[in-house]
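> missing the sequence, but the structure's below:
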């Protein structure tokens, strides 16, 4: 019998309580020998492991030189822009990511933000603090257009839920394609068209050299005055000072922001004080089912890795995600 491959799982300390459950899933579905660790000094023999499963940690790159047998790194996050920050793309490893793990919770978050603005919930929360009883005209999502920049797993989940609420959906992807329930999906050339047509614009793009700073004042001013922008991708995709200016000048109605150029968002940011901005602290992907879903994605890649096939969620170093 062939020796089982040793796989190192470096997990957040908070996941230590779920180690037994994760171990049971692995024992049923994968022929491997897992080792769980929650900090660097718990890894006694780094050179034994061919496969590493982890999030991005500041100290992670420090132990990689000790992992002499390492061939494949699977990241438990969906975004992998830190890979280039660390220069790991030059190391010759195979990389994969947990794309799709956020689709359900983040699409819920997007729809919650859209409803927050449509039903003016921020205004009612402010009235509650003042003990004011005052009705107001409210909107509906039905008949509105949701534009989605980035039709990956999150974008597609947003599209399904938007359609269920009677919204028209348009979007962009890496190339034009047909997608059920979506009026059109264009390539990069369709961004301006999506901006002009959207009542709710969802930014669901990976952060790459091409998408960094994609939306500045020129682009934002092409949107409708009553439009809302929702960013659950990366803060650097939108020029934050330009967004603040457009919001202050009421060039667009509002913004639901889960990500920012600098995190935590600095206390002196004008965004904190703006009544037309909803802020959540990079928390849209939160779900009690995260690790189970991420493990299932790893196992799909594991089967492909064992068979010498391309990984289902492999990182394309050429594209940058």
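Structure's in. What do you need? Not measured: the values here are computed from a predicted model.
> going forward, measure contacts and count neighbours with C-alpha atoms only.
Noted.
> Can you pull up the most central residue in the chain?
By C-alpha atoms, centre = their mean, the chain has its centre lying nearest to residue 233, at 4.9 Å.
> From what I see, it and residue 206 are in contact.
Yes: with contact defined as C-alpha atoms under 8 Å, residue 233 reaches residue 206; the gap is 6.6 Å.
> Show me what the strand or helix carrying residue 112 is packed up against.
Using DSSP states H and E, the element containing residue 112 is helix 103-118. Applying 3 or more C-alpha pairs under 8 Å, 6 or more residues apart in numbering; DSSP states H and E, we find helix 103-118 packed against helix 153-164, strand 228-231, strand 254-257.
> any chance of those in CSV, with mean neighbour count and distance to residue 81 too?
CSV is the format used below for the helices and strands packed on helix 103-118 (neighbours: other C-alpha atoms under 10 Å; distance: least, C-alpha to C-alpha, whole Å):
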stretch, mean neighbour count, distance to residue 81
helix 153-164, 21, 17
strand 228-231, 25, 17
strand 254-257, 25, 19
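> How much space separates the residue nearest to the centre of the chain from residue 86?
Distance of residue 233 to residue 86, given as C-alpha to C-alpha, to the nearest Å: 20 Å.
> try residue 218
Distance, residue 218 to residue 86, using C-alpha to C-alpha: 32 Å.
> Just want to know which of those two has more residues nearby.
Shown here are residue 218 and residue 86; by other C-alpha atoms under 10 Å, residue 86 has more neighbours (12 against 9).
> any idea which element the residue lying closest to that one once chain neighbours are set aside lies in?
Among residues not flanking residue 86 along the chain, residue 61 sits closest, at 7.6 Å (C-alpha to C-alpha, 6 or more residues apart in numbering). If you go by DSSP H and E, residue 61 is part of helix 60-63.
> Looking at that helix now, give me its mean pLDDT.
Averaged across helix 60-63, pLDDT comes to 89.
> surely residue 63 meets residue 46?
Yes: the pair residue 63 and residue 46 qualifies as a contact (C-alpha under 8 Å) at a distance of 7.4 Å.
> Neighbour count: those two, which is higher?
residue 46 (19 against 13).
> Distance-wise, check the more buried one relative to residue 35.
According to C-alpha to C-alpha, residue 46 stands 11 Å off from residue 35.
> same question, residue 180
42 Å.
> higher neighbour count, those two?
residue 35 (14 against 9).
> Please identify which helix or strand holds the more buried one.
Using DSSP H and E, the element containing residue 35 is strand 32-37.
> Show me what that strand is packed up against.
Applying 3+ C-alpha pairs under 8 Å, 6+ apart, one finds that strand 32-37 contacts strand 5-10, helix 19-29.
> Can you pull out the residues in contact with the longest one?
What that stands for is helix 19-29. Helix 19-29 is contacted from outside by 32, 34, 36, 292, 295, 299, using C-alpha atoms under 8 Å, 6 or more residues apart in numbering.
> Counting neighbours, which of these comes out on top?
Compared across the contacts of helix 19-29, residue 34 has the highest neighbour count, 21 neighbours, by other C-alpha under 10 Å.
> Distance check, that residue against residue 73.
Between residue 34 and residue 73 the distance, using C-alpha to C-alpha, works out to 14 Å.
> what about the nearest residue to residue 240 once chain neighbours are set aside, how many residues close to it?
With C-alpha to C-alpha, 6+ apart as the criterion, residue 240 has its nearest non-adjacent residue at 7.0 Å, and that residue is residue 261. Residues lying near residue 261 (other C-alpha under 10 Å) number 15.
> And the one 10 residues further on, by the same measure?
Counted by other C-alpha under 10 Å, the residues lying close to residue 271 total 22.
> Look up phi and psi at it.
phi -60, psi -30 (degrees, to the nearest 10).
> pLDDT score for the residue nearest to the centre of the chain?
Taking residue 233 on its own, its pLDDT is 98.
> same check, this time on residue 285
The model reports residue 285 with a pLDDT of 96.
> Need the three-state assignment for it.
The assignment at residue 285 comes out as coil when based on DSSP: H, G, I helix; E, B strand; the rest coil.
> Would you check that it makes contact with residue 100?
No: with contact defined as C-alpha under 8 Å, residue 285 does not count as touching residue 100 (10.7 Å).
> Lovely, talk soon.
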